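Undergrad: pasting the sequence and the predicted coordinates here, then a few questions.
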Amino acid sequence: MKKTSTLKAKEVYDMLHHIPEGRVTTYEDLAAALGFPRASRAIGRILHNNPNPIVVPCHRVVMSDGTIGGYAFGQARKKQILTQEGVRFFGNSMANFSRLRLTVAELR
DNA sequence: GCCATGGCTAGTA
DNA sequence: GCCATGGCTAGTA
């Protein structure tokens, strides 16, 4: 089978701007919204090279089970930023995760 | 071959 | 805990 298209980093970064403060999405949902439903791991890899962590809110992307997920500057920093935005945690799990998670439709 | 994921199975307690 | 997945990098030939 020939591969017809690939995930574009720019599309991933652009989509992050659709996430309001205090809300989150997941690696899986970003992949799905871009039409690559099995590319969650690739999304994580792309976010890892985020060239502009100041303006691109990659801290709003978490694991599909509501746990914190990775961050280039450490999970503690990621949790701290999310907490500032109003997200509450139990350990590494978010409170009200299902309420804070955008739908795939909302991401687009 | 590595990795900022995710889904599924085996098998413990 | 295993492994499929997709994008990337190092490093062989």
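TA: That came through fine.
Undergrad: and for the residue nearest to A:Ala31 when sequence neighbours are not counted, the neighbour number?
TA: Closest residue to A:Ala31 apart from its sequence neighbours, by C-beta to C-beta, 6 or more residues apart in numbering: A:Ala39 at 4.2 Å. C-beta coordinates here come from the backbone N, C-alpha and C atoms, glycine included. Residues lying near A:Ala39 (other C-beta atoms under 10 Å) number 20.
Undergrad: what of A:Gly69?
TA: A:Gly69 has 20 nearby residues by other C-beta under 10 Å.
Undergrad: quick revisit: so how far is A:Gly70 from the residue nearest to A:Ala31?
TA: A:Ala39 is 16 Å from A:Gly70, where distance means C-beta to C-beta, to the nearest Å.
Undergrad: would you list the phi and psi of the residue nearest the centre of chain A?
TA: Note on chain A: the residue nearest the mean C-alpha position is A:Val61, at 1.9 Å, using C-alpha atoms, centre = their mean. Dihedral pair for A:Val61: phi -110, psi 120, per degrees, to the nearest 10.
Undergrad: cool, and the one 10 residues further on?
TA: With angles defined as degrees, to the nearest 10, A:Tyr71 sits at phi -160, psi 140.
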